[in-house]
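> build the 3D model from these lines:
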Amino acid sequence: MTATIRFKLSLMMFLEFFIWGAWFVTLGTYLLRNLHTSGVQVGVAFLTQSIGAIVAPFVIGLIADRFFSAQKILGVLHLAGAVLLWQAAGAADFGAFYPYILIYMILYMPTLALVNSISFRQMQNPQQEFANIRVLGTVGWIVAGLTIAQFGWEASGTLGLTLKMAAGASALLGAFSFLLPATPPIKKEGPTTVGDLLGLDAIRLLKNRSYLVFFLASVAICVPLSFYYGFTNPFLNEVGMKSAAGVQSLGQVSEVLFMLLIPVFFARLGVKKMLAIGMAAWVVRYIFFAYGNVDSTYWMLIAGIVLHGICYDFFFVTGQIYTDNLAGEQSKSAAQGFITLATYGVGMLIGSLLSGQIVDANQLTASLHDWRTVWLIPAAIAAGVLVVFLLLFKDRNAPVTAEVISYAEANARLEV
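So this is what the prediction gives:
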C-alpha cells in the first residue's frame, strides 16, 4: 500500500467515525433535555440505526458488489446525509426530528460496510494492516467528543449544534470519497441471480457452524450494547459527571491502544479467545456502571468507560476481520454488510426496544432513575451470551490466516 492510499483511507475512516461520534453519543441527552422525550422515544430514535443496518446488506449486495464503485456510492450517501442531518438539527419536536434521522441512518449504516470494503480491497494482509487504518476512525470519534466538551454544548443545552457539525463533516467526506482509490465491483462469472442482487451470498457463511455461533452471538451481545449507546451519556450527566461526552472519549482512547495491538493479540490468542474477552469486558463494564458514582467509586465509572477499547476491538473489529477471511472474493462487501445486519441491525433493534422500556420502568422522578437496576440487566444478558459462546464456538485456538481465502478453504481450516 502506498503512502498516498494509506493517507486517503485513514482520512476516510477519521471522517466516517467523526460524523457518527459528533451527534450519536449525546443523542439520548439531546432528546431527553431538548425535545423532552420519554425513554421509549430515545430507544425508538436509536432503533433507526438498526433499521439502517438491516437494509445495509441489501444496499451493498445490490450496488457495491455488483454494479457501481464502492467509493462513489459512499460519496453520494454522505452528501445526502449532510442535508438530512442539517434538517434534523432544526426540528422542533420528536415528531419532526424522527423522519430525518430515520432516513439518515438508512443511508449512513451501509457506509460502515463500504469503508471496510474499500479498505480491505487495498490490502494484501488485512489482519496486519486493517487495524492501523481503522484506528483513525476511533481518533475521529475522540475528536468529536472532545469538541463537544470544549464548547460546553451539554452544559449550555445547545446539543443541536452537534448535528450541524456532523452535517458539515458528512459533506466533506461525501466530496472526498470521489478521490478515494477506485473500488469497482468484481465481475462474476455466470448469470446473476436474485440472491446475487439482494446480497444473499454472505448467508452461505452460516453453513460454517463456528461462524453461525459467532453470528448469533453478535446478535445477542448487541442487545446489551444498545443500553450503552442509548443511555450512557444521559446516565453520566444525571449522576453529575462534568463534560460527560469528553470523558466518554477515554473509551475511544483505549480503543486506539487495543486496536493497534490487535495483530499481536491475534497471533497469540486466536479468534475464540479474543471474541470471548470482548464479551466478558461488557459484563464487567455494566457492573462498574451499576455500582459507580461521582464520589467514592468514581473510578468505576472511568474504568467502565475505558473498557470500551476491549469491548469494541476484541469483539467487533475481530469479527470484521474474521468475516473478511471467510468471505469469497466476490462477496466481501456483502459479507461486511451481513455482519453489520447482525450487530447494529437485529441485535441493536431488540436492545433499543428493550432498553427504553427498562429505563422508563426504573424512572423514580422526572429527572432521576434507578440506574443500578438498569445496568445490571444488560450485565446479566452479556454474561449469558458469553457462557453460551464459550460452550458452542470452536476453532483450533489459532488465528484465521489473513490472506484472502475461499469459503471452502476457510471451512477446511476451522473446526465445524
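> Ser38 - how many residues pack around it?
By other C-beta atoms under 10 Å, the residues close to Ser38 number 16. C-beta coordinates here come from the backbone N, C-alpha and C atoms, glycine included.
> with Thr2 instead?
Neighbour tally, Thr2, other C-beta under 10 Å: 9.
> phi, psi for it please.
phi -80, psi 160 (degrees, to the nearest 10).
> quick one: it from Met12, how far?
Separation of Thr2 from Met12 (C-beta to C-beta, to the nearest Å): 15 Å.
> just Val387 next, same as before
38 Å.
> mind listing what's buried in the host helix or strand of Tyr108?
Here Tyr108 sits within helix 94-121, counting by DSSP states H and E. Applying a neighbour-count criterion of 16 or more other C-beta atoms under 10 Å, one finds 94, 97-98, 100-121 buried in helix 94-121.
> what of stretch 289-304?
Those would be Phe289, Ala290, Gly292, Met300, Leu301, Ile302, Ala303, Gly304, for stretch 289-304 by 16+ other C-beta under 10 Å.
> what about the first one, distance to Phe231?
Taking C-beta to C-beta as the measure, Phe289 and Phe231 are separated by 10 Å.
> quick check, distance from the helix holding Tyr108 to the centre of its chain.
11 Å (C-alpha atoms, centre = their mean, to the nearest Å).
> same question, stretch 220-230
With C-alpha atoms, centre = their mean, you get 11 Å for stretch 220-230.
> quick one: average pLDDT of it?
The average pLDDT within stretch 220-230 is 89.
> do the same with stretch 6-20
So the average pLDDT for stretch 6-20 ends up being 95.
> in that stretch, what's buried?
Buried residues in stretch 6-20 (16+ other C-beta under 10 Å): 8-20.
> name the residues that touch stretch 97-104?
Leu31, Leu35, Val44, Ala45, Thr48, Ile51, Gly81, Leu84, Leu85, Gln87, Ala88, Ala91 (C-beta atoms under 8 Å, 6 or more residues apart in numbering).
> all strands for the stretch 201-350 of the chain, in order.
Counting by DSSP state E, counting those that start in this stretch, the stretch 201-350 of the chain has no strands at all.
> mind showing which ranges of it have poor pLDDT?
Scanning the stretch 201-350 of the chain for pLDDT under 70 picks out 201-202, 328-334, 336-337.
> hmm, try it at 90
Applying pLDDT under 90 to the stretch 201-350 of the chain picks out residues 201-215, 217-219, 222, 225-226, 229-230, 242-246, 248-249, 251-274, 294-296, 308-349.
> what segments of the stretch 301-416 of the chain are helices?
308-312, 318-326, 332-340, 348-361, 371-392, 407-413 (DSSP state H, counting those that start in this stretch).
> the ones you listed: which one's closest to Pro263?
Minimum separation from Pro263 across these (C-beta to C-beta) falls at helix 318-326, 9.9 Å.
> and the angle for the closest one with helix 94-121?
Orientation check (axes from the mean of the first three to the mean of the last three C-alpha atoms, to 10 degrees): helix 318-326 against helix 94-121 gives 50 degrees.
> which residues touch Met13?
Going by C-beta under 8 Å, 6+ apart, Met13 touches Val115, Ser119, Ile133, Arg134, Val135, Leu136, Gly137, Gly140.
> ok, for it, nearest residue in space, not its chain neighbours?
Gly137 (3.8 Å; C-beta to C-beta, 6 or more residues apart in numbering).
> what residues are up against that neighbour?
Counted by C-beta under 8 Å, 6+ apart, Gly137 has contacts Met13, Phe14, Glu16, Phe17, Val115.
> just the ones in helices from those residues, please.
Met13, Phe14, Glu16, Phe17, Val115 (DSSP state H).
> widest-spaced pair of those?
Longest span within those, C-beta to C-beta: Phe14 and Val115, 10.5 Å.
> rebuild the buried residues of stretch 289-304 as a markdown table, extending it with distance to Ile350.
Converted to a markdown table, the buried residues of stretch 289-304 look like this (distance: C-beta to C-beta, whole Å):
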| residue | distance to Ile350 |
| --- | --- |
| Phe289 | 20 |
| Ala290 | 21 |
| Gly292 | 26 |
| Met300 | 27 |
| Leu301 | 26 |
| Ile302 | 29 |
| Ala303 | 27 |
| Gly304 | 22 |
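> of the residues you listed, just say which sits nearest to Arg268.
Once C-beta to C-beta is applied, the member of the buried residues of stretch 289-304 that ends up nearest Arg268 is Ala303, at 24.0 Å.
> right, and the closest one touches Phe288 too?
Yes - applying C-beta atoms under 8 Å, one finds Ala303 in contact with Phe288, separated by 5.3 Å.
> what's the most distant pair in the buried residues of stretch 6-20?
It's Lys8 and Trp20 that sit farthest apart of these, by C-beta to C-beta, at 19.3 Å.
> which non-adjacent residue is nearest the most centrally placed residue in the chain?
Central residue of the chain (C-alpha atoms, centre = their mean): Tyr344, 6.5 Å from the mean position. Nearest in space to Tyr344, with sequence neighbours left out and distances taken as C-beta to C-beta, 6+ apart, is Ala53 at 3.7 Å.
> check contacts around that neighbour.
Met109, Thr340, Leu341, Thr343, Tyr344, Gly345, Val346, Met348.
> wait, what's in contact with the residue nearest to the centre of the chain?
Gln49, Ser50, Gly52, Ala53, Met109, Leu112, Cys222.
> surely the last one meets Leu341?
It refers to Cys222. No - using C-beta under 8 Å, Cys222 makes no contact with Leu341, being 10.7 Å away.
> mind listing what's buried in stretch 353-369?
Residues of stretch 353-369 classed as buried: Leu353, Leu354, Ser355, Gly356, Ile358, Val359, Asn362, His369 (neighbour count, 16+ other C-beta under 10 Å).
> chain neighbours aside, what residue packs nearest to Ser38?
Nearest to Ser38 is Asp360, by C-beta to C-beta, 6+ apart, at 6.0 Å.
> give me the pLDDT for that neighbour.
At Asp360, pLDDT is 90.
> how much space separates it from Ala366?
Taking C-beta to C-beta, one finds Asp360 at 12 Å from Ala366.
> and for Leu172?
Distance from Leu172 to Ala366, by C-beta to C-beta: 40 Å.
> could you do Leu11 as well?
44 Å.
> buried residues in stretch 266-276, which are they?
Phe266, Leu269, Gly270, Val271, Lys272, Lys273, Met274, Leu275, Ala276.
> out of those residues, who's nearest Phe258?
Using C-beta to C-beta, the buried residues of stretch 266-276 come closest to Phe258 at Met274, 10.2 Å.
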